[in-house]
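Asks: Let me see the structure of the following:
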Amino acid sequence: MTTDPRSLTPDPSTTIQSLLNRPYDSPHDRPCWAFARDVLALMGHDLSESPRTGLIRVAYAQIGGLVLFAAGFDWHCGVIWPDGLHFIHAMPPDAERRPNYFEVRQAQLQAEPWRQITEGFYVPNKQEVQP
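Replies: Numbers count the residues shown, from 1 in each chain. Below you'll find the model as predicted:
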């Protein structure tokens, strides 16, 4: 089942809450980035298809901003929601058994392993207009 966050409800918080623990599918090579773009679109921000483009690094987590994680030579991202202490993200629950299956999860920013691999916090650059 494919979940399109933009089609569920007109209220962003209600829509985001309804996505938790549901499947998420995207043809994008980075489903976590595609999911973050979909969620930020609900909040009125249009991000580029290219990861990290149109973002400004900030000193602390902001609701509706992004968190990027560095995991070895790879990276992952999520959206800070709902309280500045948690984030939501599309992640494979068991990559070995189901490699193309992603679920929307909520996690604490200060929980392991996230706290140790946080690369930084970002917000959309409102000066940049995306096509």
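Asks: Now Pro31: phi and psi?
Replies: phi -60, psi -30 (degrees, to the nearest 10).
Asks: surely it meets Tyr24?
Replies: Yes - proximity of Pro31 to Tyr24 meets the contact threshold set by CB atoms under 8 Å, at 6.5 Å. C-beta coordinates here come from the backbone N, C-alpha and C atoms, glycine included.
Asks: more neighbours, those two?
Replies: Tyr24 (23 against 19; other CB atoms under 10 Å).
Asks: still on that earlier bit, overlap in contacts, Pro31 and Tyr24.
Replies: Contact criterion CB atoms under 8 Å, 6 or more residues apart in numbering; residues shared by Pro31 and Tyr24: Ala90, Phe102.
Asks: got any ranges where the chain has weak pLDDT?
Replies: 1-10, 93-100, 127-131 (pLDDT under 70).
Asks: Now do the strands in it.
Replies: Ranges of strands within the chain are 23-24, 55-58, 66-71, 74-80, 86-91, 102-108, 118-124, based on DSSP state E.
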